[in-house]
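> need a structure here:
(one chain, ligands or ions: 2)
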Amino acid sequence: MAQTPVKVTVTGAAGQIGYALLFRIASGQLLGADVPVKLSLLEIPQAVKAAEGTAMELDDCAFPLLSGIEITDDPNVAFDGANVALLVGAMPRKAGMERGDLLEANGGIFGPQGKAINDHAADDIRVLVVGNPANTNALIAQQHAPDVPAERFTAMTRLDHNRAISQLAAKLQVPVTEIKKMTIWGNHSATQYPDLFHAEVGGKIAAELVDDAWLRDTFIPTVAKRGAAIIEARGASSAASAANAAIDHVFDWVNGTEWTSAAIPSDGSYGVPEGLISSFPVASRNGRWEIIQGLEIDAFSRERIDASVRELEEEREAVRSLGLI
Ligand SMILES: NC(=O)C1=CN([C@@H]2O[C@H](COP(=O)(O)OP(=O)(O)OC[C@H]3O[C@@H](n4cnc5c(N)ncnc54)[C@H](O)[C@@H]3O)[C@@H](O)[C@H]2O)C=CC1
Ligand SMILES: O=C([O-])CC(=O)C(=O)O
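Ligands and ions are numbered 1, 2, ... in the order given. Reported below is the predicted structural model:
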């Protein structure tokens, strides 16, 4: 273990996603089986003790790659020298609530954390925001970190991406590995647009293998409302699947991929206003996300992408008027 450990900061470490995430990070699944990690757990004061309990369990695993654990309620300490920041800590949506309701409650968390990242994180910091409303929370954090390249702030739509693959594979009765080029566009919310017009199954366009009614009336709403369905069934929001998607997102960002979905700051591609943190089809090359260019967008897709992007613009306006950015 000659390599310097990578510092990974996890906020909301004592929460349910934190509990599903930390052990996988410590076991090497976030960055690779040969990369030592140092964990920094950020919690609110009331939850520090619970985070200490989780740290005791991490110790008890004797993970060969885990070089240390720090626990704090101070973002300036937690992000000091951080190479990867997973911003999970937020208030989870309760039954009946939409993400817009959470903007104000969560906005106050992500400004100070963005500033602490700006002031203390390592030069190669990569930020993934999981806490909802993830896209706009990422925007708030990014706006408070003017010295960090904007592209380092991302939000998670990988869970939606994985859900879309799973739903399509089940419909067509093919293994998930047969499904390529899945894309989620827009916001991590019920307006998101899972796109089957570019997805491929065994080399064929997915939209041509399913009937229009299923695509429109079953597939899109099932993927877009899956979070709410899990809350309804489990009485709590997705945790292990969310942690899994966070692992997938960061692993691919660092190690490369030819096609996945991630919410990254728009450069104006596909008519998405510059600066909005919106989900796109992306590749990761040399440690950087790149929006996959040149896809034809038909009228059906255009309408849905525009609707989700409009919601992101409204969220941006809302946090502007609340003085959060
Ligand atoms: N983007 C996505 O696909 C998904 C996002 N989520 C979101 O992830 C977030 C976390 O979910 P859970 O772990 O289930 O919630 P949870 O309530 O179990 O845990 C949240 C933790 O964050 C902590 N926390 C609150 N404010 C904090 C702050 N300022 N600094 C540090 N820690 C803080 C709380 O003390 C708590 O331990 C929620 O916003 C949820 O909606 C959940 C599933 C999927
Ligand atoms: O809906 C929620 O609050 C949790 C979430 O983001 C998801 O499961 O996609």
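
> so what's R93 scoring on pLDDT?
Note on R93: pLDDT of 64.

> what does A105 give?
The model's pLDDT for A105 equals 79.

> In space, what's closest to it - neighbours in sequence excluded?
Distances taken as Cβ to Cβ, 6 or more residues apart in numbering place M91 nearest to A105, at 5.1 Å, with adjacent residues excluded. From N, CA and C alone the C-beta is placed, and that goes for glycine too.

> ok, the one you found touching E104?
No. Assessed by Cβ atoms under 8 Å, M91 is found out of contact with E104, at 10.4 Å.

> Between the two, which is the more surrounded one?
Neighbour comparison, M91 and E104: the larger count goes to M91, with 15 against 12 (by other Cβ atoms under 10 Å).

> For F110, see how far away the more buried one is.
With distances taken as Cβ to Cβ, to the nearest Å, M91 is found 12 Å from F110.

> same deal with A206?
From A206 across to F110, the span is 35 Å (Cβ to Cβ).

> swap in F219?
Distance, F219 to F110, using Cβ to Cβ: 32 Å.

> More neighbours: these two, which one.
F110 (28 against 20).

> If we go by neighbour counts, what in the helix or strand in which that one is found is buried?
Per DSSP states H and E, F110 falls inside helix 102-120. For helix 102-120, a neighbour-count test (16 or more other Cβ atoms under 10 Å) marks 102-103, 106-107, 109-111, 113-118, 120 as buried.

> What residues are bridge-paired with S40?
For S40, the beta-bridge partners are T9, E70 (DSSP bridges).

> That one touches V8, doesn't it?
Yes. With contact defined as Cβ under 8 Å, S40 reaches V8; the gap is 7.0 Å.

> any common contacting residues for those two?
Common contacts of S40 and V8 (Cβ atoms under 8 Å, 6 or more residues apart in numbering): A82.

> I17 reaches N132, doesn't it?
No. Assessed by Cβ under 8 Å, I17 is found out of contact with N132, at 10.9 Å.

> got a list of what L66 touches?
By Cβ under 8 Å, 6+ apart, L66 lies in contact with A26, P36, V37, K38, L39, L58.

> where does G202 land on pLDDT?
On the pLDDT scale, G202 gets 93.

> need the strands for this protein, in chain order.
Using DSSP state E, the strands of the chain run over 6-11, 37-42, 66-72, 84-87, 126-129, 153-155, 179-180, 183-185, 193-195, 200-201, 204-205, 257-265, 277-285, 288-291.

> need those in CSV with distance to E315, can you?
Output for the strands of the chain, formatted as CSV (distance: least, Cβ to Cβ, whole Å):
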stretch, distance to E315
strand 6-11, 20
strand 37-42, 24
strand 66-72, 30
strand 84-87, 16
strand 126-129, 13
strand 153-155, 11
strand 179-180, 30
strand 183-185, 16
strand 193-195, 16
strand 200-201, 32
strand 204-205, 32
strand 257-265, 12
strand 277-285, 10
strand 288-291, 20
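
> could you redo those strands as TSV and give each row distance to ligand 2?
Conversion of the strands of the chain to TSV gives the following (distance: least, Cβ to the nearest ligand atom, whole Å):
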stretch	distance to ligand 2
strand 6-11	16
strand 37-42	20
strand 66-72	25
strand 84-87	14
strand 126-129	11
strand 153-155	11
strand 179-180	19
strand 183-185	11
strand 193-195	12
strand 200-201	24
strand 204-205	26
strand 257-265	12
strand 277-285	12
strand 288-291	20
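
> V309 is nearest to which of those strands?
strand 277-285 (6.0 Å; Cβ to Cβ).

> what's the offset of that closest one from the middle of its chain?
11 Å (Cα atoms, centre = their mean, to the nearest Å).

> in it, what counts as buried?
Neighbour-count burial for strand 277-285 flags I277, S278, S279, F280, P281, V282, A283, S284 (criterion: 16+ other Cβ under 10 Å).

> For ligand 1, what's the nearest residue on the stretch 51-200 of the chain?
G89 (2.7 Å; Cβ to the nearest ligand atom).

> what sits against that residue?
G89 neighbours (Cβ under 8 Å, 6+ apart): T11, G12, A13, G15, G18, L42, E43, I44, I109, G131.

> Look up the closest residue to it, ignoring the ones flanking it.
Among residues not flanking G89 along the chain, G12 sits closest, at 2.6 Å (Cβ to Cβ, 6+ apart).

> residues touching the one you found, list them.
For G12, counting by Cβ under 8 Å, 6+ apart, the contacting residues are G18, L42, E43, L87, V88, G89, A90, G131.

> Which members of those residues are positioned in helices?
G18 (DSSP state H).
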